[in-house]
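**Student:** I would like to see how this sequence folds:
(one chain, ligands or ions: 2)
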Amino acid sequence: MRISVIGCGYLGAVHAVCLAKLGHDVIGIDIDLRKVGDLQAARAPFFEPGLSELLDEVLMTGRLKFSPSMADAKGSDVHFLCVGTPQRKGDYAADMRHVDSAFVSLLDFLEPGNLIVGKSTVPVGTAVRLADQLSRRYPDGLLAWNPEFLREGLAIQDTLSPDRFVYGIPEGEDGTRAAQLLDAVYATPLAAGVPRLCTNYATAELVKAAANSFLATKISYINAMAEVCEVTGADVTLLADALGFDERIGRKFLNAGVGFGGGCLPKDIRAFMARVGELGADQALTFLREVDDINVRRRFRTVELTRTLVGNSLLGKRITVLGAAFKPDSDDVRDSPALSIAAQLQLQGAEVTVTDPEAIDGARRRFPELVYEEDLTGSS
Ligand SMILES: NC(=O)C1=CN([C@@H]2O[C@H](COP(=O)(O)OP(=O)(O)OC[C@H]3O[C@@H](n4cnc5c(N)ncnc54)[C@H](O)[C@@H]3O)[C@@H](O)[C@H]2O)C=CC1
Ligand SMILES: O=C(O)[C@H]1O[C@H](OP(=O)(O)OP(=O)(O)OC[C@H]2O[C@@H](n3ccc(=O)[nH]c3=O)[C@H](O)[C@@H]2O)[C@H](O)[C@@H](O)[C@@H]1O
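**Tutor:** Ligands and ions are numbered 1, 2, ... in the order given. Model (predicted):
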């Protein structure tokens, strides 16, 4: 199939490369000229294990191209929207400007029967709104919402072999046609047994918000237990191990620590609260405020513990922070707990050095006031 992928960031670049690996003809489009240049030159614009190699492999087949121009989406049968939905400045809601502007500019290049597929994480109600806009311009235009569940660091494996596909589709004939097109896109993983669920738009959008909220809640739950362990002398790791043997609970996402960060869980739980508040059901999600608060407390607690460990004053203490990214196997420093802790330590007078195998450039752009070392030689 001929496919366009609009937005080639952490999600879209991997999606484009993987769809080409599955045998499709793919054009990746991004307004960021540096990203497009890198991708065209077979350089992954960010660190993701296996991405450079796969990019190189599929570019050689000629099935994958990149462009800064939306006009190059013309001629594709299916268009995936993979642009960012960051937290809006000054409040909790999702900033929908990128989705809206990419969608509007794509409309100029659609052809009859084309399918637009939303992959970005969006507030519930977005797909209905965009479908309405689409139908006013193209009565036979199709729109589906197919949320993405990949984890950075495991993005290729999660894209080629996800736990499930969710298709948010309209009722009737249009829904059937949209599902058929998506089935053709994902024919290989579907044939390998990946389950697929067809839902209405709202359910598909909510599956994504609910999944990330559940994961965030699990992490904050164990971090709350860590607070209790601290005052009781219990061991939170053994507690998590013991809980994890219960199959109803499971051990995954029960690692206590500095809390969750990244470009998704923190902003997604906030956007979920904001959207549900707009819909008048804010009480349903008040627990997510606590999940967020517990998470933010971890960063302060880490600073406090460090201060206690070094004799109750951070002034002039030399501290190395190992890892700037929000998690291993990624260079993503968006809302990184490590960097926020490093910055707080420095503010309280410590001489902080940060090191990371992949994330130093991004970290330096966000926190230029911190000191960075490529390796540990010279630090203590
Ligand atoms: N990063 C991840 O692991 C996952 C992200 N998501 C969701 O996917 C969406 C994208 O996230 P990321 O890839 O992390 O963001 P990102 O910020 O890395 O990438 C977004 C890309 O879209 C491009 N863009 C913005 N406006 C555009 C336009 N009008 N036309 C073409 N390109 C445009 C930007 O230049 C950027 O390269 C978000 O909604 C996120 O919540 C969902 C699952 C996993
Ligand atoms: O919507 C998204 O973008 C993605 O968000 C998360 O993926 P990701 O942010 O890449 O990373 P995770 O592995 O979920 O880790 C998130 C954060 O939680 C932390 N974490 C994770 C697990 C744990 O037990 N404890 C813990 O503190 C990690 O260190 C990291 O800071 C979800 O796991 C993906 O399913 C989802 O697609």
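**Student:** show me what contacts the closest residue to ligand 1 within the stretch 1-150 of the chain?
**Tutor:** Ligand 1 sits closest to residue 9 of the stretch 1-150 of the chain, with a gap of 1.8 Å, by Cβ to the nearest ligand atom. For every residue, glycine as well, the C-beta is placed using N, CA and C. Under the criterion of Cβ atoms under 8 Å, 6 or more residues apart in numbering, the neighbours of residue 9 are 30, 35, 46, 82, 83, 84.
**Student:** before we move on, which element is residue 248 in?
**Tutor:** Assessed by DSSP states H and E, residue 248 sits outside every helix and strand.
**Student:** follow-up on the earlier one: in the contacts of residue 9, find the pair that's most separated.
**Tutor:** 46 and 83 (15.5 Å; Cβ to Cβ).
**Student:** Between these two, which has more neighbouring residues?
**Tutor:** residue 83 (24 against 19; other Cβ atoms under 10 Å).
**Student:** backbone phi and psi for the nearest residue to that one once chain neighbours are set aside, please?
**Tutor:** Distances taken as Cβ to Cβ, 6 or more residues apart in numbering put residue 7 closest to residue 83, at 3.6 Å, once the chain neighbours are dropped. For residue 7, the backbone dihedrals (degrees, to the nearest 10) come out as phi 100, psi 110.
**Student:** which ones are touching residue 7?
**Tutor:** With Cβ under 8 Å, 6+ apart, residue 7 has these contacts: 29, 30, 81, 82, 83, 84, 98, 102, 120.
**Student:** Next one: the fifth one relative to residue 309, how far apart?
**Tutor:** Residue 83 is 43 Å from residue 309, where distance means Cβ to Cβ, to the nearest Å.
**Student:** and what of residue 16?
**Tutor:** Taking Cβ to Cβ as the measure, residue 16 falls 46 Å from residue 309.
**Student:** Kindly report the same for residue 234.
**Tutor:** Taking Cβ to Cβ, one finds residue 234 at 20 Å from residue 309.
**Student:** So if I had to pick from residue 16 and residue 309, which one is more boxed in?
**Tutor:** residue 16 (31 against 10).
**Student:** Is that one within a helix or a strand, and which one?
**Tutor:** helix 12-21.
**Student:** continuing past that helix, what's the next helix or strand?
**Tutor:** Next element after helix 12-21 (DSSP H and E): strand 25-29.
**Student:** That following strand - which strands sit beside it in the sheet, and in what orientation?
**Tutor:** strand 2-6 (parallel), strand 64-67 (parallel) (DSSP bridges).
**Student:** Contacts for that strand, please.
**Tutor:** 1-8, 12-13, 16, 19-20, 36, 39, 63-70, 72-73, 76.
**Student:** Pull that strand out as PDB, backbone CA atoms only.
**Tutor:** Extracted C-alpha coordinates of strand 25-29, given in PDB (Å, rounded to 0.1, in the frame of the first residue of the first chain):
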ATOM      1  CA  ASP A  25       5.600   2.300   0.100                       C
ATOM      2  CA  VAL A  26       5.900   5.000   2.700                       C
ATOM      3  CA  ILE A  27       6.500   8.800   2.600                       C
ATOM      4  CA  GLY A  28       7.400  10.300   6.000                       C
ATOM      5  CA  ILE A  29       6.600  14.000   6.300                       C
END
